[in-house]
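Asker: below is the structure, and that's it, no one-letter string:
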């Protein structure tokens, strides 16, 4: 539970007792929601508002593949898709497409990244150099990313 800084903000009187039955009802609703989420089968993705239809996700994957091809033409030895699109769930209207590349020479990075980001589709494409990521992020991208 997250506690506000001021005890009055969390419905407690200076003596420490609850001042409102609404607080108890709100906590009960929150606990019920958390119980439902914890009972969800392990292979079921969490509920997200604004999930896109499968056709839109496929279009975003196709855009990621086109961007990966552009990056390979500029010298990328490997291109990884990571983030919500790579997880196959949680990709929403507001999501972007995250790619990590390995092998593009530094003098060609700007042009390669710009061309990859200019694909005609509604989700912005962000490209990062894999070796520029901190080790903790790099290991996550390598473990969870999908090679394109």
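Answerer: Okay, I see it. Note that the coordinates shown come from a computational prediction; the quantities given were computed from them, not determined experimentally. Numbering: from 1, shown residues only.

Asker: going forward, measure contacts and count neighbours with C-alpha atoms only.
Answerer: Fine.

Asker: quick one: residue 121 and residue 63 touch, right?
Answerer: Yes: assessed by CA atoms under 8 Å, residue 121 is found in contact with residue 63 at 7.1 Å.

Asker: more neighbours, those two?
Answerer: Set side by side, residue 121 and residue 63 show more neighbours around residue 63, with 21 against 12, by other CA atoms under 10 Å.

Asker: which helix or which strand is home to the more buried one?
Answerer: helix 54-73 (DSSP states H and E).

Asker: what's stretch 137-148 in contact with?
Answerer: 64-65, 68, 78-83, 86-87, 100, 130-131 (CA atoms under 8 Å, 6 or more residues apart in numbering).

Asker: turn the residues you listed into TSV, including secondary structure, pLDDT and distance to residue 106.
Answerer: Conversion of the contacts of stretch 137-148 to TSV gives the following (DSSP: H, G, I helix; E, B strand; the rest coil; pLDDT from 0 to 100; distance: CA to CA, whole Å):
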residue	secondary structure	pLDDT	distance to residue 106
64	helix	94	21
65	helix	94	22
68	helix	95	17
78	strand	95	15
79	strand	96	16
80	strand	95	18
81	strand	95	20
82	strand	92	22
83	coil	90	24
86	helix	90	26
87	helix	85	29
100	strand	93	14
130	helix	91	12
131	helix	90	11
